[in-house]
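K.L.:
I'll drop the sequence and a predicted model, then ask my questions.
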Amino acid sequence: MRLAIGLIGLVLLAACDTGTEQRDAVASTRTVQRPYVPVPPGTIARGTAAQEAALAPPGPQVTPDLVARGEERFRAFCSPCHGASGRGDGTVVSRGFPPPPSYHEERVKALSPEQIITVITRGKGRMYSYADRVLPEDRWAIAHYIKQLQRDAGASVGQGEASP
Ligand code: HEC
């Protein structure tokens with residue numbers, strides 16, 4: 001008798017596992033994780049008005065929370081190539097991806113948050129766009145985190161760093 005109840009339980013559990021609700025959930029995740037498709041320059045995406053408003057300077061106020069959010073997003077999306085300290089030595093690079101310039105080169109240090117955001121939105125050279133993965137608000141957060149990273153490196157090393 002107990003065995004029979006156990007078996008029924010197993011059958012019910014198995015039924016849950018293949019339930020359509022779960023399959024729907026999986027299907028909707030797939031549509032979010034679409035493969036990267038290059039966007040021709042000048043293309044206007046759907047939902048652009050709200051996006052543009054969120055990207056318009058001066059952007060959100062720079063608070064410790066915003067920068068902390070930027071650090072978290074940076075570690076998720078950018079450090080695999082740029083490295084945790086922005087020196088262009090992330091794990092992807094160690095596997096053969098062309099190394100990005102160090103964030104501590106004078107030229108990159110001179111980039112404004114807006115210019116960093118443009119790189120995230122449109123990509124640059126061998127770096128592809130992160131527009132479909134990083135929300136506009138988060139682009140500000142990441143850009144301000146990078147500026148802080150550059151300032152901190154300059155402060156700890158002294159008179160800034162020479163280009164690698
Ligand atoms: C797959 C590797 C990769 C990832 C991930 C990546 N980048 Fe890059 N990034 C590059 C490469 C390569 C370059 C150099 C591009 C070139 O000049 O050809 C670059 C260049 C840059 C530059 C310098 C642009 C300039 O003017 O020289 C900035 C700023 C930048 N990336 C920011 C980011 C941010 C922010 C993220 C995360 C949202 C990110 N990158 C994620 C590979 C990557």
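P.N.:
Looks like it arrived, so ask away. Remember, it's a predicted structure, so these values are computed and weren't measured experimentally.

K.L.:
In which helix or strand does residue 154 reside?
P.N.:
In this assignment (DSSP states H and E), residue 154 forms part of helix 136-157.

K.L.:
Tell me if that helix is near the ligand.
P.N.:
Yes - using CB under 6 Å from any ligand atom, we find that helix 136-157 touches the ligand at residue 142. For glycine as for every other residue, the C-beta is placed from the backbone atoms N, C-alpha and C.

K.L.:
For that helix, list the C-alpha coordinates in CSV.
P.N.:
Listed next in CSV are the C-alpha coordinates belonging to helix 136-157 (Å, rounded to 0.1, in the frame of the first residue of the first chain):
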residue,chain,number,x,y,z
PRO,A,136,20.5,52.3,-20.0
GLU,A,137,20.5,53.1,-16.2
ASP,A,138,23.2,50.5,-15.7
ARG,A,139,25.3,51.9,-18.5
TRP,A,140,25.6,55.1,-16.4
ALA,A,141,26.4,53.1,-13.3
ILE,A,142,29.1,51.2,-15.1
ALA,A,143,30.6,54.3,-16.7
HIS,A,144,30.8,56.1,-13.3
TYR,A,145,32.4,52.9,-11.8
ILE,A,146,35.0,52.9,-14.5
LYS,A,147,35.8,56.6,-13.9
GLN,A,148,36.2,55.7,-10.2
LEU,A,149,38.4,52.8,-11.0
GLN,A,150,40.6,55.1,-13.1
ARG,A,151,40.8,57.7,-10.3
ASP,A,152,41.6,55.1,-7.7
ALA,A,153,44.4,53.6,-9.7
GLY,A,154,45.9,57.0,-10.3
ALA,A,155,45.7,57.8,-6.6
SER,A,156,47.3,54.5,-5.4
VAL,A,157,50.1,54.5,-8.0
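
K.L.:
which parts of it are buried?
P.N.:
Of all the residues in helix 136-157, those buried under the rule 16 or more other CB atoms under 10 Å are 136, 138-147, 149-150, 153.

K.L.:
what do you get for stretch 98-105?
P.N.:
Those would be 99, 100, 102, 103, 104, 105, for stretch 98-105 by 16+ other CB under 10 Å.
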